[in-house]
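Chemist: after the sequence you'll find the predicted model.
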Amino acid sequence: MTIVLILIFCAAFADVLAPYSPTKMGAGGRFLPPGGKYLLGTDEFGRDMLSRILYGSRITLLIGAVAVGISLTVGMLVGMIAAFCRGWIEAILMRGTDVLFSFTETLIALSFVAVLGPSLQNAVIAVGVAGVPFYARTCYSAALVETSKPYFEASIAAGAGPARLVLTHLLPNVLPTMIVVATLGVSTAILAAAGLSFLGLGAQPPTSEWGYMLAGSRDYINRAPWLMTIPGLAIAITVLGFNLLGDGLRTSLDPVERK
């Protein structure tokens, strides 16, 4: 949680914390090593690396939130409808999910970006759509367990309507599991978007996105290794923070783990 809160703080106050503009070129010379006036050095265009990392945290949070939001919303909708309605609706939705599961998330994301065109917005949408099958299957499994429990059957026998069954009984019991899955999924979305940017299919210049910064530093790894090391560490620490937060939420929300 501390790591994630630091990331949120950096993103929220990047304008105040960043000493220079992330896109201003040639301000301090090219390939200046970390230290002194430029704490994290400068890149091949003389841009301040610290400023670019701080502004990049905004994009990273946006990618994680929007991509997981798309996956979670659509996935939960599909999963809960399939578990609640059963019959032919369940068969169509789950077989469609199984078909998408036969392709890797990377392949689905690459296909969407190829159709929509390379940009950060399209990369985020592609990552979100690619994660829908996993969230749909997870929500379907959790909802299926809840619908077979005695309290749910008793609610049906008492005359509860579909809206009450879903909103009062099914959703509150499925949501904690999906929150944990979504928290862990943020790190996956960040890595996937960084991978697309690294391939040139995500963020475009002069955006200070960490994956794009990694891609731009490939040709200078021997001359200026900090250009690749710094954004790589930023991605690794962010992913670690969200993974640890997800594990902590799972422990706190699971009565067996908590005991």
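Modeler: In hand now; what should we look at? Numbering: from 1, shown residues only.
Chemist: contacts, neighbours, all on C-alpha from now
Modeler: Noted.
Chemist: first-to-last residue distance for stretch 21-30?
Modeler: Terminal residues of stretch 21-30 lie 15 Å apart, using Cα to Cα, to the nearest Å.
Chemist: doesn't Val16 fall inside a helix?
Modeler: Yes - per DSSP: H, G, I helix; E, B strand; the rest coil, Val16 lies within a helix segment.
Chemist: heads up, I number from 140, so please use that
Modeler: Sure thing, new numbering starts at 140, so read that last one as Val155.
Chemist: distance of it from Pro345?
Modeler: Taken as Cα to Cα, the span from Val155 to Pro345 is 20 Å.
Chemist: show me where the stretch 240-389 of the chain has helices.
Modeler: 244-255, 259-269, 271-286, 289-296, 301-303, 310-337, 349-355, 365-392 (DSSP state H, counting those that start in this stretch).
Chemist: for the second one, give the mean pLDDT please.
Modeler: Across helix 259-269, the average pLDDT comes to 87.
Chemist: flag the shaky bits of the stretch 290-398 of the chain, pLDDT-wise.
Modeler: 393-398 (pLDDT under 70).
Chemist: give me that answer again for 80
Modeler: Where the stretch 290-398 of the chain drops to pLDDT under 80, the residues are 339, 341-345, 389, 392-398.
Chemist: mind listing what Trp349 touches?
Modeler: 192, 195, 199, 333, 370-371, 373-374 (Cα atoms under 8 Å, 6 or more residues apart in numbering).
Chemist: export those to CSV and tack on neighbour count and distance to Val325?
Modeler: CSV is the format used below for the contacts of Trp349 (neighbours: other Cα atoms under 10 Å; distance: Cα to Cα, whole Å):
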residue, neighbour count, distance to Val325
Ile192, 24, 19
Gly195, 25, 16
Thr199, 27, 10
Ala333, 28, 12
Pro370, 24, 18
Gly371, 16, 17
Ala373, 18, 15
Ile374, 19, 12
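Chemist: turn the helices of the stretch 240-389 of the chain into TSV, columns for distance to Ala151.
Modeler: Below are those laid out as TSV (distance: least, Cα to Cα, whole Å):
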stretch	distance to Ala151
helix 244-255	28
helix 259-269	20
helix 271-286	29
helix 289-296	43
helix 301-303	38
helix 310-337	18
helix 349-355	17
helix 365-392	15
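Chemist: so for Ile228, which of those helices sits nearest?
Modeler: Closest approach to Ile228 among the helices of the stretch 240-389 of the chain (Cα to Cα): helix 271-286, 12.6 Å.
Chemist: from the contact counts, what lies against the closest one?
Modeler: The helices and strands touching helix 271-286, judged by 3 or more Cα pairs under 8 Å, 6 or more residues apart in numbering; DSSP states H and E, are helix 188-224, helix 226-240, helix 310-337.
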